[in-house]
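Asker: generate a structure from the sequence data that follows.
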Amino acid sequence: MFGLGRLTHLAVDLLLVSAFLAGVKRSTGLTLALTRLKNRDVRQLLKSWLDVGEYMFDGAVILMGRSKSFERRP
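Answerer: Modelled structure (predicted):
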């Protein structure tokens with residue numbers, strides 16, 4: 001059904017969307033309304049997925065902060 005390449009592509013896409021949502025949360029405060037989900041397992045799965053995006057976003061900010069190619073502007 002799914003080949004290894006397709007699964008890898010899907011996993012990378014999910015990570016990028018999660019990191020994007022982490023950036024939206026940091027810059028605007030908007031996030032998914034997980035409390036509206038009735039299923040506790042799905043809610044926990046989505047929370048974990050969003051936490052991975054936060055971790056990736058933090059790592060990207062750290063890497064860019066150490067690089068001479070990026071600068072902070074007020």
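
Asker: from here on, contacts and neighbour counts on C-alpha atoms
Answerer: Will do.

Asker: for this structure, just list every one of the strands.
Answerer: Remark: strands of the chain are absent; assignment by DSSP state E.

Asker: need the helices for it, in chain order.
Answerer: 4-28, 40-66 (DSSP state H).

Asker: who wins for proximity to L34 among these?
Answerer: helix 40-66 (5.9 Å; C-alpha to C-alpha).

Asker: could you tell me the angle between the closest one and helix 4-28?
Answerer: 80 degrees (axes from the mean of the first three to the mean of the last three C-alpha atoms, to 10 degrees).

Asker: helix 40-66 packs against which elements?
Answerer: Judged by 3 or more C-alpha pairs under 8 Å, 6 or more residues apart in numbering; DSSP states H and E, the packing partners of helix 40-66 are helix 4-28.

Asker: where does the prediction get shaky in the protein?
Answerer: Within the chain, the segments meeting pLDDT under 70 span 1.

Asker: the nearest residue to L46 once chain neighbours are set aside and T8, how far apart?
Answerer: Closest residue to L46 apart from its sequence neighbours, by C-alpha to C-alpha, 6 or more residues apart in numbering: L34 at 7.7 Å. From L34 across to T8, the span is 26 Å (C-alpha to C-alpha, to the nearest Å).
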